[in-house]
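Q: Have a look at this prediction, sequence included:
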Amino acid sequence: MSGQLKRALQEHERWRTEQCLNLIASENVTSPTVRKILGCDLGHRYTARDHFYLGSDYTDEVEEMARQLVCDVFGSESADVTPLSGHVADMTLFTAFTRPGEKIVTVSADDGGYPGICEGGYPRVLGLRTLRFPFERDRWNIQTDKTVELITSEKPRLVVLGASLILFPYQVEPVAKACLETDAMLAYDGSHVLGLIAGGAFQQPLKEGARVLIGSTHKSLFGPQGGIVASFQTEGEAIKQTIFPAIVDNAHWNRIAALAQALLEVKKFGRQYAAQVIRNSRALAQALDEAGVPVRCREYGYTASHQVLLDMDRLKDAEKIPDRLQEANVIVDRGMRLGTNEMTRRGMQEKDMNEVAAIIARIVSGQDTPCAAKRKVIGLARKFRRVQYA
């Protein structure tokens, strides 16, 4: 290892794990056991569903274990753990169940939807016609009645619930009923809320009428980076026929083994963790709002997920705030979508969220300079270095 590479890795590790408060909703932290598994011998190896490679008996056992754990945790009949990301899981879904020229319905990127499955994303590559869910920004949710009308009149082939900015559960059952009556496929992209679904704290898409649940394994779910597909048996067969070898070949089996370990942790600690994530989100949102930092959806309890959404339209110099927070070692994204998932896994509770909110509010208001706030952040971060729920 070169000295420059070693230094960069060491500095990153020290900064992001010991000195920062990470509020990026798309990230989490894995347990020491999961990190150890990521470095195991499986990282060098191949296997394939056509059994072209020999020496893979234990690799196949690990993959089957991971698939069964997905079924157990999410209540599915079938599972695929080979997608390398949530986006690859999305690609598999669209490839398996749509054909060029057909209509789909997704949450628009303008309303917090994932750009990868909106007008300019993968549907464009497949030649699909993308329709937007009717959306109500005051509640930050789809308009269920108008969605049912849209499905009934337009008869799309595929309807995908889920978004990158997701604060509240959807009313899945009326949407599922409309899809059943029009022969549309209903899927749920749970990339952001997968850990909350696993912990029984958000909603249960497959029980409520969705036929396929897809998602990333490293956001509110505290696994390694990757993706999964969970579904009923009929849809699972279509996924299986689609994914190999067209979309995924080498699935990185060290990642799949690490995912299996993370799912074992979810089975043991997932309910406790997910409930604390949501309590922390609400505590953070309320404390920020009371400190003068505007937060969306106050009248609806702010949030029921791991996310808190600041009202950027009501913030002075809003575009500068993410950089000022980073100077103070508070890590956010540029949409000011704050996530409590990682700090919860590091052991923070509601009282700690109040302290985080006070730090953010003083930076936003200009009462503290980033340099002054940074000392407080480092002191707080060092209290929460050990991964919990593991």
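A: Arrived safely.
Q: and stretch 161-176, how far out from the chain's middle?
A: 14 Å (CA atoms, centre = their mean, to the nearest Å).
Q: what's the average pLDDT for that stretch?
A: The pLDDT scores in stretch 161-176 average 98.
Q: switch to numbering from 47
A: In the new numbering, first residue 47, that becomes stretch 207-222.
Q: how close does residue 379 sit to residue 320?
A: 22 Å (CB to CB, to the nearest Å). Every C-beta, even on glycine, is put in place using the N, C-alpha and C of the backbone.
Q: Same check on residue 339?
A: 25 Å.
Q: Between those two, which is the more surrounded one?
A: When residue 339 and residue 320 are compared for neighbours, residue 320 comes out ahead with 27 against 23, by other CB atoms under 10 Å.
Q: Can you tell me, leaving aside adjacent residues, what's nearest to that one?
A: residue 245 (2.5 Å; CB to CB, 6 or more residues apart in numbering).
Q: neighbours of that neighbour, just the number please.
A: As a measure of burial, residue 245 has 24 neighbours, counting by other CB under 10 Å.
Q: Now the phi/psi pair for it, please.
A: Residue 245 has phi and psi values of phi -90, psi 10 when expressed as degrees, to the nearest 10.
Q: mind giving me the domain split of the chain?
A: 63-77+315-427, 79-309 (automatic domain parsing).
Q: what about residue 168, how many neighbours?
A: 17.
Q: hmm, I was thinking of residue 290
A: Using other CB under 10 Å: residue 290 sits among 17 other residues.
Q: And the residue most central in space within the chain, how close does it get to residue 426?
A: Centre of the chain computed as the mean C-alpha position; nearest residue by CA atoms, centre = their mean is residue 238, 2.2 Å away. Residue 238 is 25 Å from residue 426, where distance means CB to CB.
Q: Doesn't residue 332 lie inside a helix?
A: Yes: counting by DSSP: H, G, I helix; E, B strand; the rest coil, residue 332 falls inside a helix.
Q: For it, which residues are in contact?
A: 341, 348 (CB atoms under 8 Å, 6 or more residues apart in numbering).
Q: For residue 403, see how far away it is.
A: 8 Å.
Q: go on, residue 157?
A: On the measure of CB to CB, residue 157 and residue 403 end up 26 Å apart.
Q: Same question for residue 114.
A: 41 Å.
Q: Please identify which of these two sits among more neighbours.
A: residue 403 (23 against 14).
Q: I'd say residue 78 and residue 433 touch.
A: Yes: counting by CB atoms under 8 Å, residue 433 is a contact partner of residue 78 at 6.7 Å.
Q: Compare these two (neighbour count), which wins?
A: Shown here are residue 78 and residue 433; by other CB under 10 Å, residue 433 has more neighbours (21 against 10).
Q: Spatially nearest residue to the more buried one, not counting backbone neighbours?
A: Nearest one to residue 433, counting by CB to CB, 6+ apart, is residue 77 at 5.2 Å.
Q: Contact partners for that neighbour?
A: 268, 307, 308, 311, 433, 436.
Q: what do you get for residue 393?
A: Contacts of residue 393 (CB under 8 Å, 6+ apart): 430, 432, 434.
Q: Excluding sequence neighbours, find me the nearest residue to residue 411.
A: residue 338 is the one closest to residue 411 (CB to CB, 6+ apart), at 6.5 Å.
Q: Let me see the contact set for the one you found.
A: By CB under 8 Å, 6+ apart, the neighbours of residue 338 are 407, 410, 411.
Q: Check the spacing between residue 177 and residue 202 real quick.
A: 6 Å.
Q: higher neighbour count, the two?
A: residue 202 (24 against 17).
Q: What is the burial count for the spatially closest residue to that one that is not a sequence neighbour?
A: Leaving aside its sequence neighbours, residue 202 sits nearest to residue 149 (CB to CB, 6+ apart; 4.0 Å). By the measure other CB under 10 Å, the count of residues near residue 149 is 19.
Q: do residue 359 as well
A: 8.
Q: quick check, it in a strand?
A: No: Residue 359 sits outside any strand when classified using three-state DSSP, being helix.
Q: what pLDDT does it get?
A: 89.
Q: what about the strands in the chain?
A: 67-68, 124-126, 149-152, 175-178, 181-182, 187-188, 204-207, 231-235, 258-262, 273-277, 353-355, 376-377, 383-385 (DSSP state E).
Q: Switch these over to CSV; also include distance to residue 369.
A: Output for the strands of the chain, formatted as CSV (distance: least, CB to CB, whole Å):
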stretch, distance to residue 369
strand 67-68, 15
strand 124-126, 40
strand 149-152, 31
strand 175-178, 31
strand 181-182, 29
strand 187-188, 30
strand 204-207, 33
strand 231-235, 30
strand 258-262, 26
strand 273-277, 31
strand 353-355, 19
strand 376-377, 11
strand 383-385, 15
